[in-house]
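Undergrad: Predicted model and sequence below, questions to follow.
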Amino acid sequence: MEQLEFTATEDEAGVRIDRCLSDKYEELSRSYLQKLLKEQGVTVNGKAVKANYKIQAGDLVQTTLPDLTEPDILPENIPLDILYEDDDVLVINKPKGMVVHPANGHTSGTLVNAIMYHCQGNLSGINGVMRPGIVHRIDKDTTGALLVCKNDTAHRDLAQQLKAHTIKRRYRAIVAGNLKEDEGTVEGPIGRHPIDRKKMAINYKNGKDAVTHYKVLERFGNATYIECRLETGRTHQIRVHMTSLGHPLLGDEIYGSGKNPYHLQGQTLHAMVLGFVHPRTGEYMEFSAPLPEYFLDLLEKLRK
């Protein structure tokens, strides 16, 4: 049994408990949280509350997660596009629309289900039964290179590299409009949006430091093809930072304008390059995930 807890901030005051928990614990599905609330698995200042309870600043919110049983997450024979594999690590080219790891109430069709089948149980356990092997993640509709660890030793080493910002990550994106500068840096702490709890935003009060460097690769007048280099890896970092410049990613259903003339399924973002020091050999390794077909097709349309 695991217990999660936090003390509510002034920004969270007045927000319904079910909504706040959903924002706070993205890995847990809304339906699962509703079930916990019904079963009195959530307390505020020691007392069980209902889903419509509105949080007050200073509230101590505790959520008790019952132990998961092994059959909750099953290996599934889902094809993987493998860029590299050895006894310690696996580098996957994740397709669009695939969620990286299961959440309670949503336990199939994810990358974790696929790697459990492929690796036959040889995955690191540091992040628990919901995220075996997962060191970092990318959004459901973001494609590209993702690192998986097969044992705890490799996981600890690579998690430290991530924390030290020494893992090389280069993304490709297409943003709306014509960026003024050929290259630049966006610095702004990222945290939960103060009004729209589904969004992240530049939040100087409660955000975590975030730095994105960008470089223009090609201009189309009404859109710009760019490369982004991450110093940090915050949730929705590139999407938030580019939106803050007035240039949201094409197809972005959360941060975009809502207009979608190219009929895209989610943001146009691809994790192209991933480089790290191998945890066993100490050798620097770098991998490149080719641009997906939808991205290449869009570039062709924009060029015309």
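TA: Yep, that arrived.
Undergrad: CA only for contacts and neighbour counts going forward, please
TA: Fine.
Undergrad: How about the contacts made by residue 12?
TA: 20, 55-57 (C-alpha atoms under 8 Å, 6 or more residues apart in numbering).
Undergrad: Of the residues you listed, just the buried ones, PyMOL syntax please.
TA: Remark: buried members of the contacts of residue 12, expressed as a PyMOL selection using 16 or more other C-alpha atoms under 10 Å:
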select buried, resi 20+55+56
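Undergrad: Kindly reformat the contacts of residue 12 as a markdown table containing distance to residue 36, secondary structure and pLDDT.
TA: As requested, those are exported to a markdown table (distance: C-alpha to C-alpha, whole Å; DSSP: H, G, I helix; E, B strand; the rest coil; pLDDT from 0 to 100):
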| residue | distance to residue 36 | secondary structure | pLDDT |
| --- | --- | --- | --- |
| 20 | 14 | helix | 89 |
| 55 | 17 | coil | 95 |
| 56 | 20 | coil | 95 |
| 57 | 22 | coil | 94 |
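Undergrad: ok, of the contacts of residue 12, which one's closest to residue 185?
TA: Nearest to residue 185 out of those is residue 20 (C-alpha to C-alpha; 31.6 Å).
Undergrad: Next up, the contacts around residue 88.
TA: 149-151, 154, 279-280.
Undergrad: now with 7 Å?
TA: Residues near residue 88 by C-alpha atoms under 7 Å, 6 or more residues apart in numbering: 149-151, 154.
Undergrad: where does it land on pLDDT?
TA: As predicted, residue 88 sits at a pLDDT of 97.
Undergrad: before we move on, what about residue 71?
TA: Looking at residue 71, its pLDDT is 45.
Undergrad: Any idea how far apart the tips of stretch 34-47 sit?
TA: End-to-end distance for stretch 34-47: 16 Å, by C-alpha to C-alpha, to the nearest Å.
Undergrad: oh sorry, the question was meant for stretch 53-63
TA: 14 Å.
Undergrad: if we can go back for a sec, of the contacts of residue 88 - the most surrounded one?
TA: residue 149 (29 neighbours; other C-alpha atoms under 10 Å).
Undergrad: Could you verify my assumption that that residue touches residue 90?
TA: Yes: counting by C-alpha atoms under 7 Å, residue 149 sits close enough to residue 90 to count as a contact (6.4 Å).
Undergrad: what's the closest of the contacts of residue 12 to residue 63?
TA: Closest to residue 63, out of all of the contacts of residue 12 and judged by C-alpha to C-alpha, is residue 20, at 12.0 Å.
Undergrad: measure the nearest residue to residue 10 once chain neighbours are set aside to residue 18 for me?
TA: Closest residue to residue 10 apart from its sequence neighbours, by C-alpha to C-alpha, 6 or more residues apart in numbering: residue 57 at 4.8 Å. Separation of residue 57 from residue 18 (C-alpha to C-alpha) stands at 16 Å.
Undergrad: now residue 236
TA: Where residue 18 is concerned, residue 236 sits at a distance of 22 Å (C-alpha to C-alpha).
Undergrad: same check, this time on residue 242
TA: Using C-alpha to C-alpha, one gets 30 Å for the distance from residue 242 to residue 18.
Undergrad: before we move on, what about residue 268?
TA: Taking C-alpha to C-alpha, one finds residue 268 at 31 Å from residue 18.
Undergrad: Same question for residue 207.
TA: On the measure of C-alpha to C-alpha, residue 207 and residue 18 end up 22 Å apart.
Undergrad: between those two, which one's more packed in?
TA: The neighbour count for residue 207 versus residue 18, taken as other C-alpha under 10 Å, is higher for residue 18 (22 against 17).
Undergrad: now stretch 218-225, how far from the centre of its chain.
TA: With C-alpha atoms, centre = their mean, to the nearest Å as the basis, stretch 218-225 stands 26 Å off its chain's centre.
Undergrad: can you confirm residue 37 is in a helix?
TA: Yes: if the criterion is DSSP: H, G, I helix; E, B strand; the rest coil, then residue 37 is within a helix.
Undergrad: ok, it touching residue 52?
TA: No: in this structure residue 37 lies outside contact range of residue 52 using C-alpha under 7 Å: 9.8 Å.
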